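1. missing the sequence, but the structure's below:
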Ligand SMILES: [Zn+2]
């Protein structure tokens, strides 16, 4: 289906909407959680989440622009200026929900492509990557497992988006934005129905035997549940910016493995041995010096890293770090991210971040790893941290319905 292939860049749209849905329960209680968790605002959050891909099948430049932080920063600045920090009105909240949907989409694509798709390249190397879209296959697989997403009436705040796009150098009309949004709704419908058709689902699984069968759960870095966790952190950093609290934004949103993670594979040629760091702001990659990152073990031995790979280059949040040689087995390490990363908004990271990880196998059971009330959920196995944290605060991943 040509329409769908053209719409499926990175995560398919059902995956994106599901990620936004699953990110909401990760938010701490408060105004942001009240806004994004408000069922009355869900149409704005879902439409904002769908919005960036609508321009691709139309060949419209707004699609790519809408994915990235520079444009989303413009929208954020407009919201902050227009409502002067008072986000109690319905109109302000609708814009916030739409913007945060776009943020979810942009971050989701980066996390999925840098982690999940990179694995798919290795584990589905025999697939026909040109002939069938992996994004479509994974989208239908997710719909098959979850029931897919509801098709909503298209909503785009064109009166605000059209002039903001013009400011960003992209001329686009309101009717083009509306046409694109309608296409995204059709993609949601197609994938939901395809997910109910066992014959179609089997075709997608045949096409991508690994990628179409690892979308659920937390086994695979970059899978939707992980994307949702990263998106929730990103939303919190965006919310801080929206409230003029840039000083409270941590430079690192997330890492794979997470702090305290076990069982990192040692083979330096495998995608699984990489360390991946997700920054809270878009990066200027040219000035990202290798010295920014340092890995030592508990004896103080340093492990040289290959040049940092800023995934997708300028404006990206994701950096892969691969060792020059195999990691030694059964060893504990600390990755230090020093201050001085340059961000596209002209700021620099100022905090030092340390992430502990290990090539030792995970402890046998979560109970062994987690003494009662130790506050050290990060000691659980990788990727068990999320489960431990969610369990500790009594939050489970939920479906809206
Ligand atoms: Zn996209």
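-> Structure received. This structure is a prediction, so every number in the text was calculated from the model and none was measured.

2. can you pull the contacts of residue 297?
-> Contact analysis of residue 297 by Cβ atoms under 8 Å, 6 or more residues apart in numbering lists 303, 328, 331, 332, 333, 334. Bear in mind the C-beta positions are built from the backbone N, C-alpha and C, glycine included.

3. again with residue 32
-> Counted by Cβ under 8 Å, 6+ apart, residue 32 has contacts 235, 236, 239.

4. cool, and residue 51?
-> Applying Cβ under 8 Å, 6+ apart as the definition, the contact partners of residue 51 turn out to be 66, 98, 101, 102, 105, 156, 180, 181, 184.

5. okay if I get those as TSV plus pLDDT, secondary structure and distance to the ion?
-> Shown next, in TSV, are these (pLDDT from 0 to 100; DSSP: H, G, I helix; E, B strand; the rest coil; distance: Cβ to the ion, whole Å):
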residue	pLDDT	secondary structure	distance to the ion
66	98	helix	9
98	98	helix	15
101	98	helix	12
102	98	helix	10
105	98	helix	6
156	98	coil	16
180	97	helix	12
181	98	helix	14
184	97	helix	10
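
6. Can you pick out the most distant pair from the contacts of residue 297?
-> Of all pairs drawn from those, the one with the largest separation by Cβ to Cβ is 328 and 334; the distance is 14.2 Å.

7. Sketch out the helices for the stretch 151-300 of the chain, chain order is fine.
-> Taking DSSP state H, counting those that start in this stretch, the helices of the stretch 151-300 of the chain run over residues 158-167, 174-194, 198-207, 224-242.

8. and the angle for the second one with helix 158-167?
-> Taking axes from the mean of the first three to the mean of the last three Cα atoms, to 10 degrees, one finds helix 174-194 and helix 158-167 inclined to each other by 110 degrees.

9. before we move on, what about the third one?
-> For helix 198-207 against helix 158-167, the angle by the same axes, to 10 degrees is 20 degrees.

10. Most neighbours among the contacts of residue 297, which one is it?
-> Across these, the neighbour count under other Cβ atoms under 10 Å reaches its highest value at residue 333, namely 21 neighbours.

11. Check which helix or strand it maps to.
-> strand 332-337 (DSSP states H and E).

12. and the next element down the chain from that strand?
-> Counting by DSSP H and E, the next helix or strand C-terminal to strand 332-337 is strand 353-358.

13. Report the contact partners of the nearest residue to residue 248 once chain neighbours are set aside.
-> Distances taken as Cβ to Cβ, 6 or more residues apart in numbering put residue 240 closest to residue 248, at 4.9 Å, once the chain neighbours are dropped. For residue 240, the residues meeting the contact criterion (Cβ under 8 Å, 6+ apart) are 246, 248, 249.

14. are any of those residues buried, and which?
-> Burial by neighbour count, judged by 16 or more other Cβ atoms under 10 Å, picks out residue 249 from those.

15. will you turn the contacts of residue 240 into a markdown table that also has distance to residue 171?
-> A markdown table is the format used below for those (distance: Cβ to Cβ, whole Å):
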| residue | distance to residue 171 |
| --- | --- |
| 246 | 31 |
| 248 | 37 |
| 249 | 32 |
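
16. filter the contacts of residue 32 by proximity to the ion?
-> With the criterion set as Cβ under 5 Å from the ion, no member of these is near the ion.
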